[in-house]
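Enquirer: whatever this is, show me its structure:
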Amino acid sequence: MGQKTTMQHGTYEHIAVSTAGNVATIEVRRGPNNFIDTDMVAEIADALEVYDRTPDVRAIVLCAEGKHFCAGADFGSRGPDGVARGAKRGRHLYKEAQRLWRTGKPIVAAVHGAAVGAGVGLAVMADFRVTCPEARFSTNFTRLGFHPGFGLTCTLPRLIGSQNAAMMMYTGRRLTGEEALAIGLADYCVAQDQVRTKAVEIAAEIAGSAPLAIVATRETLRRGLADAVASATEREYEEQDWLRNTADFKEGTKAMGERRPPAFQAR
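Expert: Predicted coordinates:
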């Protein structure tokens, strides 16, 4: 977990923020895996909302330290009742996540490593994604006996088409950076050490356009998306709520922790 970073707009524990010219950077600092939780998502939303009120910031890069971009929710961290904390706090997580889609300025995600589960949801929230051959994208919820979340049932088909999204969600398969590029899940695939540089380059190019026009155009292109994500996350949570109590979910999370194929029994 990263050190607390104090900014003029507050104190962040899980992210760091900086600006260079008209481009801001939000870096997740919970390496190496950058597991997602409510607090981290809330801080990202806080930072994005601050940048909405900062005229000099015209585009934003979302990146992460460590090995992975975001390896999803930490199903290995379990509370005293045996329920994975990431799942137990799902409703609060999704309420915070909904704020991300209600911010106004364009975001370029730099996906240098694995984006898994909710990590894919975070990457897809951005307007554009830069990745590398070493990256892996996986919506592995059903491999855990769980329902997809973080708005992915809405955002992923919108981005890559319903067939590609269904294939990713039904199988839980891992896509390389090249495969992600081929289906439109990523916009650029570059050398791993150039991912963040390329994301900043794209953000700077966007920032060179008229800022009011960019925000207005983005609002038109994404009109209705935030409401659709809110509706999707409510549905996702309802399905996750009952699936969390199944034997298959317990087996899926156990198998993941033990790094073995799950033995599901449809109960």
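
Enquirer: shouldn't residue 43 be in contact with residue 16?
Expert: No - at 10.0 Å, residue 43 does not count as touching residue 16 under the criterion of Cβ atoms under 8 Å. For glycine as for every other residue, the C-beta is placed from the backbone atoms N, C-alpha and C.

Enquirer: of these two, give the one with the bigger neighbour count.
Expert: Higher neighbour count among residue 43 and residue 16: residue 43, with 23 against 20, using other Cβ atoms under 10 Å.

Enquirer: which helix or which strand is home to the more buried one?
Expert: Per DSSP states H and E, residue 43 falls inside helix 38-52.

Enquirer: would you list the phi and psi of residue 187?
Expert: The phi and psi values for residue 187, taken as degrees, to the nearest 10, are phi -100, psi -30.

Enquirer: what's near enough to touch it?
Expert: 128, 129, 130, 181, 202 (Cβ atoms under 8 Å, 6 or more residues apart in numbering).

Enquirer: swap in residue 146?
Expert: Residue 146 neighbours (Cβ under 8 Å, 6+ apart): 87, 240, 243, 244, 249, 252.

Enquirer: check residue 115 too.
Expert: Residue 115 makes contact with 68, 69, 70, 122, 123, 135, 136, 137, 138, according to Cβ under 8 Å, 6+ apart.

Enquirer: regarding the fourth one, what is its secondary structure?
Expert: Here residue 122 is helix, with the state taken from DSSP: H, G, I helix; E, B strand; the rest coil.

Enquirer: residues near the closest residue in space to it that isn't next to it in sequence, how many?
Expert: Distances taken as Cβ to Cβ, 6 or more residues apart in numbering place residue 70 nearest to residue 122, at 5.4 Å, with adjacent residues excluded. When neighbours are counted by other Cβ under 10 Å, residue 70 registers 28.

Enquirer: please apply the same query to the one 3 residues further on.
Expert: A total of 26 residues lie near residue 73 under the criterion other Cβ under 10 Å.

Enquirer: so it makes contact with residue 117?
Expert: Yes - under the criterion of Cβ under 8 Å, residue 73 makes contact with residue 117 at 6.3 Å.

Enquirer: ok, and the most crowded of the contacts of residue 115?
Expert: residue 69 (30 neighbours).

Enquirer: residue 245: how many residues sit nearby?
Expert: Neighbours of residue 245 (other Cβ under 10 Å): 9.

Enquirer: show me what contacts the nearest residue to residue 140 once chain neighbours are set aside?
Expert: Nearest non-adjacent residue to residue 140, counting by Cβ to Cβ, 6+ apart: residue 172, 4.0 Å away. Neighbour list for residue 172: 138, 139, 140, 141, 142, 143 [criterion: Cβ under 8 Å, 6+ apart].

Enquirer: report the two of those separated the most.
Expert: Longest distance between any two of the contacts of residue 172 is 10.8 Å, between 138 and 142; criterion Cβ to Cβ.

Enquirer: which residues touch residue 58?
Expert: 22, 23, 105, 206, 207, 211, 214.

Enquirer: now render the residues you listed as a markdown table, adding distance to residue 95, pLDDT and neighbour count.
Expert: Shown next, in a markdown table, are the contacts of residue 58 (distance: Cβ to Cβ, whole Å; pLDDT from 0 to 100; neighbours: other Cβ atoms under 10 Å):
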| residue | distance to residue 95 | pLDDT | neighbour count |
| --- | --- | --- | --- |
| 22 | 31 | 98 | 17 |
| 23 | 29 | 98 | 23 |
| 105 | 21 | 98 | 21 |
| 206 | 29 | 98 | 22 |
| 207 | 30 | 98 | 20 |
| 211 | 29 | 98 | 17 |
| 214 | 28 | 98 | 18 |
